[in-house]
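# Quick one, structure for this:
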Amino acid sequence: MNNPLVSPGLGVIVWMLIAFGILVFILMKWGWPVILKALDDREKAINDALGAAEKTKAEMAQLKAHNEDLLKEAKVQRDEILRNARLTSEQIIEDARQRATVEADRIVENARENINYEKLKAMHDLKNQIANLSIEIAEKLVKSELSDREKANSFVTRELENAKFN
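Sure thing, here's the model as predicted:
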């Protein structure tokens, strides 16, 4: 059991302590500051990344709210456009209906005027025919009355008595 690794001698321990001290000194002088600076830089980068993530999260929430507002506004505009289109179509239909009513009234009025004109024309023609028939009948009566001289004289006398002069 005289293995030097398991039971080292006093000289090996002293040399190991000197080597360990030199290693600790070198690490403290040049290694630890670099390692600590790297750890601080890493911690700062992680904190910056977390801050950027929080900022990005807040911006995303703000963008989401803005997008919702835009969506609501777009829906309102869409509803307004549809309402305007509906009102415009109703106005066009109402205008067409009014024009059709005016045109129908004009056609009916023209038809009435034509009917009245034709009625007056027919009445005038009927009066003319009645007058012509009356004249023909009167002519025939007068001929029959005046065919005899005595009847003619009595007819003229009777008519003269019935006539009133102003």
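
# show me where pLDDT drops low in this protein?
For the chain, the stretches flagged by pLDDT under 70 are 1-5, 145-146, 164-166.

# Can you get me the centre-to-centre distance for whatever helix or strand L63 lives in and its chain?
Assigned by DSSP states H and E, L63 belongs to helix 32-146. Put simply, helix 32-146 sits 9 Å off its chain's centre (Cα atoms, centre = their mean, to the nearest Å).

# Which other helices and strands does it contact?
Helices and strands touching helix 32-146, as assessed by 3 or more Cβ pairs under 8 Å, 6 or more residues apart in numbering; DSSP states H and E, comprise helix 149-162. Every residue, glycine included, has its C-beta placed from N, CA and C.

# Compute the inter-axis angle for the helix it packs on and helix 32-146.
Per axes from the mean of the first three to the mean of the last three Cα atoms, to 10 degrees, the angle that helix 149-162 makes with helix 32-146 is 130 degrees.

# what's the neighbour count on N67?
Using other Cβ atoms under 10 Å, N67 has 10 neighbouring residues.

# how close does it get to A61?
11 Å (Cβ to Cβ, to the nearest Å).

# Same question for N132.
105 Å.

# swap in I26?
The gap separating I26 from A61 is 51 Å, by Cβ to Cβ.

# M123 too?
Noted for M123: a distance of 91 Å to A61, by Cβ to Cβ.

# got it, and A96?
Distance from A96 to A61, by Cβ to Cβ: 52 Å.
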